[in-house]
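[1] Need a 3D model of the sequence below.
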Amino acid sequence: MRNIAIIAHVDHGKTTLVDQMLIQTGVFAAHEDRPERALDNIDQEQERGITIMAKCASVTWNGTRINIIDTPGHADFGGEVERILSMVDGAVLLIDAAEGPMPQTRFVLSKALSLGLKPMVVLNKVDRTGADPEKALNAVFDLFSDLGASDDQLDFPYVYAAGRDGWASKEEGVVGENLNPLFETIVEHTPAPEAAKRKDEPFTMLVSMLDADPYVGRVLTGRIESGSIRTGDLVQALARTGEPIERARLSKLFVMEGMNRIPAEVVHAGDIAAIAGFGTANVADTLAAPEVKEPIAATAIDPPTMAVTISINDSPLGGRDGDKVQSRIIRDRLMREARSNVAIEVRDASTGADALELAGRGELQLGVLIETLRREGFELSVSRPRVLIRTDEATGERLEPYEEVVCDVDENHAGTVIESLTGRKAELKNMSPAGAGHTRLVFDAPSRSLIGYGGRFLTETRGKGVLNRVFSHWGPWRGVIEDRARGALISMADGKASAFALMNIEPRGTLFIGAGEQVYNGMVIGECTRGDDLMVNPIKGKKLTNMRASGKDDAVTLITPKRLTLEQAIAWIADDEQVEVTPSVIRVRKTELDPIKRKQNQKLNKQP
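    Residues are numbered from 1 along each chain as shown. I've put the predicted structure just below:
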């Protein structure tokens with residue numbers, strides 16, 4: 001038996017490679033449909049083309065059972081990677097042969113090395129135009145060295161592969177027939193589970209994953225660290241502090257076979273098992289035999305760096321779409337999420353009794369969770385993201401999170417991107433050619449400077465640039481960073497927007513709404529061309545008279561409005577604005593709807 005995790009930077013081909021591993025080991029029958037990216041089975045994963053939650057699968061190759069865990073590649077979901085690495089004995093590090101190591105590569109590799117794992121390297125996409133496997137391999141070795149890898153870890157095995165085409169080879173330039181070289185390397189260089197030697201000790205298991213099954217309820221997944229477990233056994237759950245949480249008899253016991261969980265009567269130490277029967281136990285808790293008193297030490301998870309304020313939707317249009325609008329229901333749902341997702345934190349906000357502060361790793365992670373709530377029927381208001389600040393205990397200095405930012409842009413756009421990011425307090429660390437007329441820029445930037453920058457970056461690079469970022473360190477506060485350059489178009493009336501009014505507003509800026517849509521006083525209906533906010537009347541109609549016009553009225557033709565996605569809206573808003581999230585509509589509004597009170601608040605904020 002072998003337990004491995006597939007780790008890599010986003011879009012380096014993890015899930016596609018796992019697809020081919022499943023196909024070539026006979027998981028799919030000849031007559032079965034073979035779905036693309038089979039493990040990305042969540043709606044948002046398929047829509048966004050990324051992995052959000054870690055998934056477990058199992059294959060059998062030449063009599064050896066291999067448990068495979070596919071992990072997210074985006075930095076915002078690094079918490080998934082951190083907790084999953086504690087349940088495996090080896091890791092397969094995928095590297096794009098054209099791009100080489102990227103920011104998330106450094107993050108996932110550092111976590112694997114710190115746990116004492118000896119990763120093997122797969123140089124993937126060697127058939128890609130511009131691929132340079134030798135250069136990528138040298139860069140990986142340098143990365144291992146920079147991260148303080150031991151001599152044994154530096155002597156890592158590697159193979160060349162094209163995951164999409166389903167082949168691997170141990171020699172550069174040789175096209176393989178299948179993935180057998182990869183399977184051979186996994187079996188040869190990944191140790192058998194150390195926990196298997198403790199099969200005669202009392203049962204213990206650290207919970208690493210939590211999901212729900214419509215038939216058996218909550219399902220806790222993890223690697224059995226010692227002993228054996230049978231269906232019907234009495235098991236206790238221990239908190240990280242050692243305090244008993246609950247006792248339960250196991251109603252169901254599962255192991256993985258292919259992509260499915262299959263029932264098992266007994267599971268032994270070293271295997272990855274899924275257990276049903278507990279009602280309260282969560283991720284990072286220990287499941288153990290009744291005589292066990294000490295919990296298994298859980299891997300420390302890096303703390304959140306960014307937060308938003310979640311509150312009830314108190315706009316004039318609130319409560320019309322969703323059926324979950326009360327603050328109590330929103331609080332219960334977020335608290336339940338925080339118990340199963342160790343990378344986020346939920347606490348009471350200082351702004352009011354009905355508000356909660358949701359903290360996570362980045363805009364994408366928070367956006368995915370809020371989108372999940374929206375699809376579940378929730379209505380809520382979301383504030384602008386803000387970074388979490390620390391204080392240096394030794395010097396008393398304010399510290400903020402910094403990120404390593406890697407931009408791949410066309411050569412003629414490099415100057416624009418450098419000027420833009422350095423103006424937002426970022427520091428250029430490296431600039432190097434990336435081949436095919438591209439330049440790679442590496443910045444050290446405060447996380448604050450990247451809030452809302454994604455859309456501007458795409459504009460500056462004509463949609464051709466690629467920006468990757470990952471948390472780097474906590475550093476000194478770099479002062480005020482420029483906010484949104486343009487103001488907002490704000491409705492001054494309640495009602496339905498008219499085409500006549502919007503036609504006259506269009507020269508003032510970019511509209512977010514179309515004719516016939518409901519608006520209210522204080523709702524943001526567009527982006528102004530100037531730096532200040534502008535109050536407009538979007539419901540004004542054309543005055544009609546009983547006098548016959550000598551000419552013909554011009555037909556009203558409106559430009560298609562710019563529809564903001566949830567992430568775009570959250571990144572666009574200013575500190576005095578909120579995103580109104582409902583199951584069918586995403587709106588932007590001013591936090592204070594009354595224009596007189598807004599002006600009073602602005603004056604108070606300007607006072608020293």
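[2] the domain parsing of the chain - what is it?
    According to the domain assignment given by automatic domain parsing, the chain is divided into the following structural domains: 2-191, 196-288, 390-476, 488-580+587-606.
[3] Start and end of the third one, how far apart?
    Pointing back at domain 390-476 there. The separation between the terminal residues of domain 390-476, taken as Cα to Cα, to the nearest Å, is 10 Å.
[4] any chance you could map the helices in the stretch 51-200 of the chain?
    For the stretch 51-200 of the chain, helices defined by DSSP state H, counting those that start in this stretch occupy the ranges 78-84, 103-114, 133-146, 151-154, 180-189.
[5] closest one to residue 314 among these?
    Among the helices of the stretch 51-200 of the chain, helix 78-84 comes nearest to residue 314, with 31.6 Å by Cβ to Cβ. Yep, even glycine has a C-beta here, placed from its N, CA and C like the rest.
[6] Check the separation of the first and last residues in stretch 385-394.
    End-to-end distance of stretch 385-394: 28 Å, with Cα to Cα as the criterion.
[7] I'd like the average pLDDT over it.
    Regarding stretch 385-394, the rounded mean pLDDT is 88.
[8] List the buried residues of that stretch.
    By neighbour count on 16 or more other Cβ atoms under 10 Å, the buried set for stretch 385-394 is 385, 386, 387, 388.
[9] Equivalent analysis for stretch 110-121, please.
    For stretch 110-121, the buried set under the neighbour-count rule, 16+ other Cβ under 10 Å, comprises 111, 112, 113, 117, 118, 119, 120, 121.
[10] Look up the pLDDT of residue 578 for me, please.
    Residue-level pLDDT assigned to residue 578 equals 93.
[11] tally of neighbours for it?
    Other residues near residue 578 come to 26 when the count uses other Cβ atoms under 10 Å.
[12] Same question for the one 5 residues further on.
    Applying the criterion other Cβ under 10 Å, we find 15 residues in the vicinity of residue 583.
[13] which SS class is it?
    Three-state assignment for residue 583 (DSSP: H, G, I helix; E, B strand; the rest coil): coil.
[14] right, and the secondary structure at residue 357 would be what?
    On the three-state scheme (three-state DSSP), residue 357 is labelled strand.
[15] Return the distance of residue 229 relative to residue 8.
    32 Å (Cβ to Cβ, to the nearest Å).
[16] related to what we said a few turns ago, nearest to residue 377, of the helices of the stretch 51-200 of the chain?
    Each of the helices of the stretch 51-200 of the chain was checked against residue 377 via Cβ to Cβ, and the shortest separation belongs to helix 78-84, namely 25.5 Å.
[17] gap between the closest one and the chain center?
    How far helix 78-84 lies from its chain's middle: 11 Å, per Cα atoms, centre = their mean, to the nearest Å.
[18] do the same with stretch 566-584
    Relative to its parent chain, stretch 566-584 has a centroid offset of 18 Å by Cα atoms, centre = their mean.
[19] Buried residues, that stretch. List them.
    By neighbour count, with 16+ other Cβ under 10 Å as the criterion, the buried positions of stretch 566-584 are 566-574, 576-582.
[20] How about stretch 257-277?
    Judged by neighbour count (16+ other Cβ under 10 Å), stretch 257-277 contains these buried residues: 258-259, 261, 264, 267-277.
[21] Pick the one among these closest to residue 454.
    Of all those, residue 259 has the smallest distance to residue 454: 33.1 Å, by Cβ to Cβ.
[22] that older thread, can you list the helices of the stretch 51-200 of the chain in a markdown table and add mean pLDDT?
    Formatted as a markdown table, these follow (pLDDT from 0 to 100):
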| stretch | mean pLDDT |
| --- | --- |
| helix 78-84 | 80 |
| helix 103-114 | 86 |
| helix 133-146 | 92 |
| helix 151-154 | 92 |
| helix 180-189 | 93 |
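[23] Residue 450: which of those helices is closest?
    In terms of Cβ to Cβ, the element of the helices of the stretch 51-200 of the chain nearest to residue 450 is helix 103-114, at 12.4 Å.
[24] what angle sits between that closest one and helix 133-146?
    For the pair helix 103-114 and helix 133-146, the angle between their directions (axes from the mean of the first three to the mean of the last three Cα atoms, to 10 degrees) equals 50 degrees.
[25] hmm, who's touching helix 103-114?
    Judged by Cβ atoms under 8 Å, 6 or more residues apart in numbering, the contacts made with helix 103-114 from elsewhere in the structure are 5, 7-10, 12, 71, 73-75, 78, 81-82, 85, 91, 93, 95, 101, 119, 143-144, 147-149, 153, 404-406, 468-471.
[26] Could you please name the strands the longest strand along the chain pairs with and the direction of each pair?
    Looking only at the chain and at elements set by DSSP state E, the strand with the highest residue count is strand 398-410. The strands beside strand 398-410 in its sheet (DSSP bridges) come out as strand 390-391 (antiparallel), strand 438-446 (antiparallel), strand 466-476 (antiparallel).
[27] Show me what the mean pLDDT comes to for it.
    90.
[28] ok, back up a step: in a markdown table: the domains of the chain, plus distance to residue 318.
    Output for the domains of the chain, formatted as a markdown table (distance: least, Cβ to Cβ, whole Å):
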| stretch | distance to residue 318 |
| --- | --- |
| domain 2-191 | 25 |
| domain 196-288 | 29 |
| domain 390-476 | 25 |
| domain 488-580+587-606 | 8 |
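[29] These: which one's closest to residue 356?
    With distances scored as Cβ to Cβ, the stretch of the domains of the chain nearest to residue 356 is domain 488-580+587-606 (13.8 Å).
[30] in what helix or strand does residue 513 lie?
    Under the criterion DSSP states H and E, no helix or strand holds residue 513.
[31] ok, back up a step: format the strands paired with strand 398-410 as JSON lines; extra columns: distance to residue 215.
    Listed next are the strands paired with strand 398-410 as JSON lines, based on distance: least, Cβ to Cβ, whole Å:
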{"stretch": "strand 390-391", "distance to residue 215": "45"}
{"stretch": "strand 438-446", "distance to residue 215": "48"}
{"stretch": "strand 466-476", "distance to residue 215": "39"}
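[32] Mind checking which of the buried residues of stretch 257-277 are in strands?
    Among the buried residues of stretch 257-277, the subset assigned to strands under DSSP E consists of 261, 267, 268, 272, 273, 274, 275, 276.
[33] would a markdown table of these with distance to residue 522 and pLDDT be doable?
    Supplementary listing: these in a markdown table, determined by distance: Cβ to Cβ, whole Å; pLDDT from 0 to 100:
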| residue | distance to residue 522 | pLDDT |
| --- | --- | --- |
| 261 | 50 | 86 |
| 267 | 58 | 92 |
| 268 | 62 | 91 |
| 272 | 52 | 90 |
| 273 | 54 | 91 |
| 274 | 49 | 91 |
| 275 | 51 | 92 |
| 276 | 49 | 90 |
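[34] where does the stretch 451-600 of the chain have low pLDDT?
    547-554 (pLDDT under 70).
[35] which stretches of it form helices?
    Listed in chain order, the helices of the stretch 451-600 of the chain (DSSP H, counting those that start in this stretch) span residues 453-460, 499-505, 566-572, 595-606.
[36] Out of these, which gets nearest to residue 224?
    When the helices of the stretch 451-600 of the chain are compared for distance to residue 224 using Cβ to Cβ, the nearest one is helix 566-572, at 39.1 Å.
[37] Can I get that closest one in PDB, CA atoms only?
    Extracted C-alpha coordinates of helix 566-572, given in PDB (Å, rounded to 0.1, in the frame of the first residue of the first chain):
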ATOM      1  CA  LEU A 566     -19.300  38.300  -7.200                       C
ATOM      2  CA  GLU A 567     -15.400  38.400  -7.000                       C
ATOM      3  CA  GLN A 568     -15.300  41.500  -9.300                       C
ATOM      4  CA  ALA A 569     -17.900  43.300  -7.100                       C
ATOM      5  CA  ILE A 570     -16.100  42.500  -3.900                       C
ATOM      6  CA  ALA A 571     -12.800  43.700  -5.400                       C
ATOM      7  CA  TRP A 572     -14.300  46.900  -6.900                       C
END
